[in-house]
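Chemist: Sequence and predicted model, in that order:
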Amino acid sequence: MGKRYKMFVEILRKVFHLSGLVVLVGYTFLLNYFGARVAILVLTGLLLLLLEIERIRLDHKPRIA
């Protein structure tokens, strides 16, 4: 694999891990402006969406014979 590809993969990995901060900031925003019930509801919806995306990703993963 090329050096550029490895760098691209590393950047994607960093972006993925930094996305956790977005969830934390979003939760804090929702908690302060809308209350705990709305914040938990939104996070639950986000969790369900991400679980469904993961299920679809695993179902359509190419199988090696």
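Modeler: Perfect, I can see it now.
Chemist: in the chain, what spans have low per-residue confidence?
Modeler: Flagging of the chain using pLDDT under 70 yields the residue ranges 1, 64-65.
Chemist: Quick one: the helices in it, in order.
Modeler: Using DSSP state H, the helices found in the chain span residues 3-34, 36-59.
Chemist: Need those helices in JSON lines (columns: mean neighbour count).
Modeler: Quick note: C-beta positions are derived from backbone N, CA and C, even for glycine. Converted to JSON lines, the helices of the chain look like this (neighbours: other CB atoms under 10 Å):
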{"stretch": "helix 3-34", "mean neighbour count": "11"}
{"stretch": "helix 36-59", "mean neighbour count": "11"}
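Chemist: residues contacting Tyr27?
Modeler: Ala39, Leu43 (CB atoms under 8 Å, 6 or more residues apart in numbering).
Chemist: swap the cut-off to 6 Å and go again
Modeler: Ala39 (CB atoms under 6 Å, 6 or more residues apart in numbering).
Chemist: and the gap between it and Leu58?
Modeler: For Tyr27, the distance to Leu58 equals 27 Å [CB to CB, to the nearest Å].
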